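# sequence and predicted structure below; questions after.
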Amino acid sequence: DRDRGGGGGEKYRRTDDERDRERYGDIFRDEMSGMGSYDSGDPETSNLYVGNLHPSVTEDVLCREFGVFGPIASVKIMWPRSAEEKLRNRNCGFVNMWNRADAIKAKDAKVNEELIGLEMKIGWGKALPKPDKPIYEHNPKPPAVREMTEMRVQHPKDPDQKRLIDRLASYVAREGPDLERIIIQRESENPDFDFLWEPTSREGIYYKWKVYSLAQSDSEFEWR
């Protein structure tokens, strides 16, 4: 919290967007205040800022959500680094569309749309260079024989960590994401729960799979 205006002024709490602006500097140009469809600093940018993301949203999820509007040049989730950022229980990221027209369509369609229970906040980001070809292109008509992406799920090496993850996964599968949000807030400084902020780690992958498996009515020892 800090004072707004002169001495003795009204105190107010910084918004998530203000904190993101402080953290990422000129990467994010705010366009949530009615500036219109075009960024006043760079009318050609195709890079979208995406705020108010649930902690379980990954870069793959953003690719699937925004890829339906056109090819994507790059995507980046800004994972929390400090205890304060973890306590916010919100992430932000950037989706760099391949061209401006597709970015405008995506921005207009996605602003304030819910993703995993939270309304996304969309704005323009600083223009970024593009690779030789897109990293993601949506294919609305998959081939007759579809290649499956294999994700290897491994048990945590530490048996105590596995028991903790199994117990939490069973509660979350039964009670829903609200319980997970409570645990994320309460255990933000507990290293035993780091898997909640590291979804691509061995433990993070195991946790996500375990929640999904139990939610599909698989048993503790038998699954599909």
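Happy to help now that I have it.

# any idea of the mean pLDDT in stretch 125-144?
For stretch 125-144, the mean per-residue pLDDT is 81.

# and what of stretch 193-202?
Averaged over stretch 193-202, pLDDT sits at 88.

# ok, and what's touching that stretch?
Stretch 193-202 is contacted by residues 55-56, 58, 79-80, 86, 154, 156-157, 161, 164-165, 180, 183-184, 187, 203-208 when judged by CB atoms under 8 Å, 6 or more residues apart in numbering. (Each C-beta comes from the backbone N, C-alpha and C, glycine too.)

# residue nearest the centroid of this structure?
Residue closest to the average C-alpha location in the chain (CA atoms, centre = their mean): residue 57, at 3.5 Å.

# are any of the contacts of stretch 193-202 buried, and if so which?
The neighbour-count test (16 or more other CB atoms under 10 Å) marks 55-56, 58, 79-80, 86, 156, 161, 164-165, 180, 184, 203-208 as buried among the contacts of stretch 193-202.

# show me those residues that map onto strands.
Judged by DSSP state E, the subset of the buried ones among the contacts of stretch 193-202 located in strands is empty.

# for the residue nearest to residue 99 when sequence neighbours are not counted, grab phi and psi.
Closest residue to residue 99 apart from its sequence neighbours, by CB to CB, 6 or more residues apart in numbering: residue 46 at 5.7 Å. With angles defined as degrees, to the nearest 10, residue 46 sits at phi -120, psi 10.

# do residue 120 as well
Dihedral angles (degrees, to the nearest 10) for residue 120: phi -70, psi 140.

# equivalent analysis for residue 125, please.
The phi and psi values for residue 125, taken as degrees, to the nearest 10, are phi -110, psi 170.

# tell me the bridge partners for it.
residue 28 (DSSP bridges).

# for it, give its distance to residue 51.
Separation of residue 125 from residue 51 (CB to CB, to the nearest Å): 11 Å.

# neighbour count: the two, which is higher?
Neighbour totals were compared for residue 125 and residue 51, and residue 125 leads with 25 against 22 (other CB atoms under 10 Å).
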